[in-house]
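S.K.: Mind looking at a prediction? Sequence and model below.
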Amino acid sequence: MSEKVCEVKNLTYTYPKSDKGLKNVSLYVNKGSIVGLLGESGCGKSTLAKCISAQIVPDSGEIICKKIGYIFQDNYASLNPAKRVGWLLKETIRYGNPASFADSDRLIKNILEETELDESVLDHYPNELSGGQRQRIGIAMALLSDPDILIADEPVSALDVTVQKQVIRLINKLNEKKNLAILFISHDIKVVREICNYIYIVKDGEVVEEGESEVLFTNPSTEYTKNLLDSSYLETENV
């Protein structure tokens, strides 16, 4: 039986002075799997990610997760613009994996190789890097904390198509090499289908359908999922 790395049970969260949020959401992510959280913008996907990573506190429910690494949609906003990349990576180890700080130079060299970055980036500030390079730095920082699960919150939506493909390939490679659990959050149906093994469909803060990727895409059981997938096909035809 596969090991559960993260499990959410009956999670509810409502934003103050609003009826938006999450309603009784349950899901789990097994070791080595890439689980997709798919839905339209504003459906609650990122809210769920913030609850799991303790950025916000849910009203009720249970979250059982091992160590989490977080990949942001806009890593430029999460990187200190006044610090060089080398400093940022070392500080990530200092706070996220302090037992290994004495070995930080080797860890950083290894993670740059794994994320396909040249060591020259260590001397640069975030604004001197391309969007793809910054996203790889974000992935490197998430991995340097030695997580059991990565939460990837719209990790390629701010990138152009060519760079998107490179980052998706990198995430797939890291998943296979490290047997990492990944919760991949996106509104991009084609990206989710390409990378995810199992998918949860979210609508208005609720999980309305779930299933193995190919089963869900070829035989959706709810009208909402059918319409969501149809809209993706129409967009493809209109390109």
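M.R.: Yep, that arrived.
S.K.: Who are the contact partners of Ala82?
M.R.: Applying CB atoms under 8 Å, 6 or more residues apart in numbering to Ala82 gives the contacts Tyr125. The way it works is simple: take the backbone N, C-alpha and C, and place the C-beta from them, glycine included.
S.K.: Quick check on it: phi, psi?
M.R.: Torsion angles at Ala82 (phi, psi; degrees, to the nearest 10) stand at phi -90, psi 0.
S.K.: and it, what pLDDT?
M.R.: You'll see Ala82 listed with a pLDDT of 93.
S.K.: go on, the one 5 residues further on?
M.R.: Reported pLDDT at Trp87 in the predicted model: 96.
S.K.: Over to Val163?
M.R.: We have a pLDDT of 85 for Val163.
S.K.: That one belongs to a strand?
M.R.: No - per DSSP: H, G, I helix; E, B strand; the rest coil, Val163 lies outside any strand segment and is helix.
S.K.: what about stretch 24-44, average pLDDT?
M.R.: 94.
S.K.: what's the answer for stretch 131-139, then?
M.R.: 91.
S.K.: Only the C-alpha atoms, please, for it, written as CSV.
M.R.: In CSV, the C-alpha atoms belonging to stretch 131-139 read as follows (Å, rounded to 0.1, in the frame of the first residue of the first chain):
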residue,chain,number,x,y,z
GLY,A,131,11.4,34.2,-15.2
GLY,A,132,12.4,30.6,-15.9
GLN,A,133,15.6,30.9,-13.9
ARG,A,134,13.7,32.5,-11.0
GLN,A,135,11.2,29.6,-11.0
ARG,A,136,14.0,27.1,-10.9
ILE,A,137,15.5,29.0,-8.0
GLY,A,138,12.1,28.7,-6.3
ILE,A,139,12.1,25.0,-6.9
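S.K.: Low-confidence ranges, this protein, go.
M.R.: 1, 232-239 (pLDDT under 70).
S.K.: what ranges do the strands span in it?
M.R.: Per DSSP state E, the chain carries strands over the ranges 4-14, 21-30, 34-38, 60-65, 68-71, 149-153, 181-186, 198-203, 206-212.
S.K.: Adding distance to Ser100 and mean neighbour count as columns, could you present these in a markdown table?
M.R.: Formatted as a markdown table, the strands of the chain follow (distance: least, CB to CB, whole Å; neighbours: other CB atoms under 10 Å):
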| stretch | distance to Ser100 | mean neighbour count |
| --- | --- | --- |
| strand 4-14 | 20 | 18 |
| strand 21-30 | 25 | 20 |
| strand 34-38 | 26 | 26 |
| strand 60-65 | 21 | 14 |
| strand 68-71 | 14 | 22 |
| strand 149-153 | 18 | 24 |
| strand 181-186 | 21 | 26 |
| strand 198-203 | 32 | 23 |
| strand 206-212 | 36 | 17 |
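S.K.: right, and the ones you listed - which one's nearest Thr162?
M.R.: strand 181-186 (17.5 Å; CB to CB).
S.K.: and the closest one, what does it pack onto?
M.R.: strand 4-14, strand 21-30, strand 34-38, helix 45-52, strand 149-153, helix 161-178, helix 189-195 (3 or more CB pairs under 8 Å, 6 or more residues apart in numbering; DSSP states H and E).
S.K.: Show me which positions of the last one end up buried.
M.R.: For helix 189-195, a neighbour-count test (16 or more other CB atoms under 10 Å) marks 189, 191-193, 195 as buried.
S.K.: nearest to Arg106, of the helices and strands packed on strand 181-186?
M.R.: Closest to Arg106 of the helices and strands packed on strand 181-186, according to CB to CB: helix 161-178, at 16.8 Å.
S.K.: mind saving the C-alpha coords of that closest one as PDB?
M.R.: Presented in PDB, the C-alpha positions along helix 161-178 are these (Å, rounded to 0.1, in the frame of the first residue of the first chain):
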ATOM      1  CA  VAL A 161       4.900  28.200 -23.300                       C
ATOM      2  CA  THR A 162       8.500  27.200 -24.100                       C
ATOM      3  CA  VAL A 163       9.600  27.800 -20.500                       C
ATOM      4  CA  GLN A 164       6.500  26.100 -19.200                       C
ATOM      5  CA  LYS A 165       7.400  22.900 -20.900                       C
ATOM      6  CA  GLN A 166      11.000  23.000 -19.500                       C
ATOM      7  CA  VAL A 167       9.700  23.500 -15.900                       C
ATOM      8  CA  ILE A 168       7.100  20.800 -16.300                       C
ATOM      9  CA  ARG A 169       9.800  18.400 -17.600                       C
ATOM     10  CA  LEU A 170      12.000  19.400 -14.600                       C
ATOM     11  CA  ILE A 171       9.200  18.700 -12.100                       C
ATOM     12  CA  ASN A 172       8.600  15.300 -13.600                       C
ATOM     13  CA  LYS A 173      12.200  14.500 -13.500                       C
ATOM     14  CA  LEU A 174      12.600  15.500  -9.800                       C
ATOM     15  CA  ASN A 175       9.400  13.500  -9.000                       C
ATOM     16  CA  GLU A 176      10.900  10.400 -10.500                       C
ATOM     17  CA  LYS A 177      14.400  10.800  -9.100                       C
ATOM     18  CA  LYS A 178      13.400  11.700  -5.500                       C
END
